[in-house]
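S.K.: The following comprises the amino acid sequence and a computationally predicted model.
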Amino acid sequence: MDYIFSALKEAINLILSLDSEVTNVVGTSLKLSLTSTFLAALFGIPLGILISKIDFKGKYFLNTVLNTLLSLPTVVLGLFVYSMISRKGVLGEWGLLFTIKGIIIGQVLLILPIVVALVRNAIHDIDEKMYKTALSLGATGSQKFRLLISEARYGIIGALITSFGRVIGEVGVSMMLGGNIKGFTRTITTAIAMETNKGRFGFALALGIILLSLSFIINFILYFFQSGESK
């Protein structure tokens, strides 16, 4: 028990003193997660809307693939991207392996299906009567689009928050594609895994407390928007 209390005390001191190594790791994780979520949203939101509103051949199959990708193991995705960006891979000459860009590619591919699927569901749940009423009143194309986004805003925001929460807590992609390089590609999760093995339990615990706090904040915000959607 003394060991645990000692590690907890060290962890709290590291957090309160804004230890440079801790802040660097947390800053890297936040930068990666925010960038990946933004890029996934850039492509995922339009795709989700299109899949929901347009009927086309193979739509059922595409939806099945999307639902399957929601539970894609991060190590499997990491292995796939690694084979693409490694020296012998198709994109090997770009030098993406063990870089920030390499991690972002993997993280975007990880959460893109989540954004697309949740936005698709949010658009699908909109009351068609209200949308048809707007059409009958002569709404323009831009007005119809704004109405669509306005009605689905809670679902879209929820999709982005869920994706951010998924990506900030993943370890497989960051470890395999980033290499856990100190001061460069080391994230909260990869640092926890490594520092625990090295015996720096207090440092790992500090990062664990921060990650847990971020998860709590993310879930609280998600609950807030889901509550707003249900009203």
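M.R.: Cool, the structure landed.

S.K.: check contacts around residue 108.
M.R.: Going by C-beta atoms under 8 Å, 6 or more residues apart in numbering, residue 108 touches 36, 39, 40. Where you see a C-beta, it was placed from the backbone N, CA and C, and this is true even at glycine.

S.K.: Mind checking which of those residues are in helices?
M.R.: Of those, the ones assigned to helices by DSSP state H are 36, 39, 40.

S.K.: Dump these to JSON lines, plus distance to residue 77.
M.R.: Below are these laid out as JSON lines (distance: C-beta to C-beta, whole Å):
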{"residue": "36", "distance to residue 77": "13"}
{"residue": "39", "distance to residue 77": "15"}
{"residue": "40", "distance to residue 77": "13"}
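
S.K.: Tell me the one of those nearest residue 180?
M.R.: residue 36 (17.3 Å; C-beta to C-beta).

S.K.: Make sure the closest one is actually in contact with residue 104.
M.R.: Yes. Using C-beta atoms under 8 Å, residue 36 is in contact with residue 104, at 5.3 Å.

S.K.: Neighbour count for those two, which is higher?
M.R.: Using other C-beta atoms under 10 Å as the criterion, residue 36 and residue 104 rank with residue 36 on top: 27 against 23.

S.K.: can you pull the contacts of the residue lying closest to the more buried one once chain neighbours are set aside?
M.R.: Of all residues not flanking residue 36 in the chain, residue 107 sits nearest, at 3.7 Å (C-beta to C-beta, 6 or more residues apart in numbering). For residue 107, the contacting residues are 32, 33, 36, 40, 167, 170, 173, 174, by C-beta under 8 Å, 6+ apart.

S.K.: 6 Å - rerun?
M.R.: Listed by C-beta atoms under 6 Å, 6 or more residues apart in numbering, the contact partners of residue 107 are 36, 167, 173.

S.K.: Name the next helix or strand following the one helix or strand in the chain whose mean pLDDT sits lowest along the chain.
M.R.: Least confident element among the helices and strands of the chain, by mean pLDDT, DSSP states H and E: helix 128-136 (a mean of 64). Sequence order places helix 141-151 as the next helix or strand after helix 128-136, per DSSP states H and E.

S.K.: From the chain's centroid, how far away is that following helix?
M.R.: Distance, stretch centre to chain centre, for helix 141-151: 26 Å (C-alpha atoms, centre = their mean, to the nearest Å).

S.K.: What of stretch 2-22?
M.R.: 27 Å.

S.K.: low pLDDT regions in this protein?
M.R.: 1, 127-141, 144, 226, 228-231 (pLDDT under 70).

S.K.: Walking through it, point out its helices one by one.
M.R.: Under DSSP H, the chain gives helices at 2-16, 20-53, 59-69, 74-85, 100-124, 128-136, 141-151, 153-168, 172-178, 188-198, 201-230.

S.K.: Tell me which of these sits nearest to residue 92.
M.R.: helix 74-85 (6.5 Å).
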